[in-house]
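**Q** Could you work out the structure for the sequence below:
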Amino acid sequence: MKTTRKVLKAQRLSDGEHLAAGLVDTTDVISFYRANERPYGVLSNLYRREIEFEGRIFPTSEHAYQAGKAIKPAVREWIQAAPSPSLAAMAAHGLYTWDVVPDWASIKFDRMRAVLRAKFTQHPDLAEILLSTGRRRLVEAGTVNNAVNRLWGEVNGKGENMLGVMLMELREQLSHCTLASPSTRERAPSEGKPFSEEMRADPQ
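**A** Below you'll find the predicted structure:
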């Protein structure tokens, strides 16, 4: 618990530094939650788009994130095979303590960042939507008031909004890549992954 609090504190400081640097306009907010909402439903981890992660193909970013919680390969396969991202999350949340990787509380944020990075660098159309949000503040606006929704998003304006923070961090990284290589914005999805090489050159 202490480790988790330290990580969260560090994340809040990082977000504050972004705000101080003028990278986020807090007066203009984009809220998202349901994956079928247009155009910003793509920001949700429940949005259905395959990603390659750790040498495997996952149906959604939620599957890729939640599979990392399980210590046993068979359980990871079970989560990966869940018919929907919501069911993948439910399966992971229901794991017994001994089925969860020991350091999950300290590694889950880095895993989520890596999953988001894979999602948006592998799919140029999704990256374009993320970049189109400019400097606006991104908030996953949960509808049910529970600890998970308050950690990854906000409920009634209260919460850590960690998913939103990570998306804004990634947006900033991607914007630097496109500024360095303007032609990538004009490249069609079928022509490749416009951000992959640039992102690999600047590991975070």
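
**Q** Any idea how many residues pack against the residue nearest to residue 53 when sequence neighbours are not counted?
**A** Leaving aside its sequence neighbours, residue 53 sits nearest to residue 64 (CB to CB, 6 or more residues apart in numbering; 4.3 Å). In this view, the C-beta of every residue, glycine as well, is placed from N, C-alpha and C. The local packing of residue 64 (other CB atoms under 10 Å) involves 29 other residues.

**Q** Give me the secondary structure label for residue 64.
**A** Recorded secondary structure, residue 64: helix (DSSP: H, G, I helix; E, B strand; the rest coil).

**Q** just residue 30 next, same as before
**A** Strictly by three-state DSSP, residue 30 counts as strand.

**Q** Next up, the contacts around it.
**A** Residue 30 makes contact with 40, 133, 136, 137, 138, 139, according to CB atoms under 8 Å, 6 or more residues apart in numbering.

**Q** farthest pair in the residues you listed?
**A** Farthest-apart pair in these is 40 and 137; separation 12.4 Å (CB to CB).

**Q** Turn the contacts of residue 30 into a markdown table, columns for pLDDT, neighbour count and distance to residue 70.
**A** Supplementary listing: these in a markdown table, determined by pLDDT from 0 to 100; neighbours: other CB atoms under 10 Å; distance: CB to CB, whole Å:
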| residue | pLDDT | neighbour count | distance to residue 70 |
| --- | --- | --- | --- |
| 40 | 97 | 19 | 30 |
| 133 | 97 | 18 | 33 |
| 136 | 96 | 16 | 35 |
| 137 | 97 | 20 | 33 |
| 138 | 97 | 22 | 29 |
| 139 | 97 | 22 | 29 |
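
**Q** quick one, what contacts the spatially closest residue to residue 65 that is not a sequence neighbour?
**A** In this structure, residue 65 finds its nearest non-sequential neighbour in residue 115, 4.8 Å apart by CB to CB, 6+ apart. Residue 115 makes contacts with 45, 51, 53, 61, 64, 65, as judged by CB under 8 Å, 6+ apart.

**Q** looking at those, which has the most residues close by?
**A** residue 64 leads these on contacts (other CB under 10 Å) with 29 neighbours.

**Q** Just confirm that one contacts residue 51, I think it does.
**A** Yes: counting by CB atoms under 8 Å, residue 64 does reach residue 51; the two are 5.8 Å apart.

**Q** Show me the common contact partners of these two, please.
**A** Residues touching both residue 64 and residue 51 (CB under 8 Å, 6+ apart) are 58, 115, 118.

**Q** In strands only, show me those residues.
**A** residue 58 (DSSP state E).

**Q** Perfect, I'm done here.
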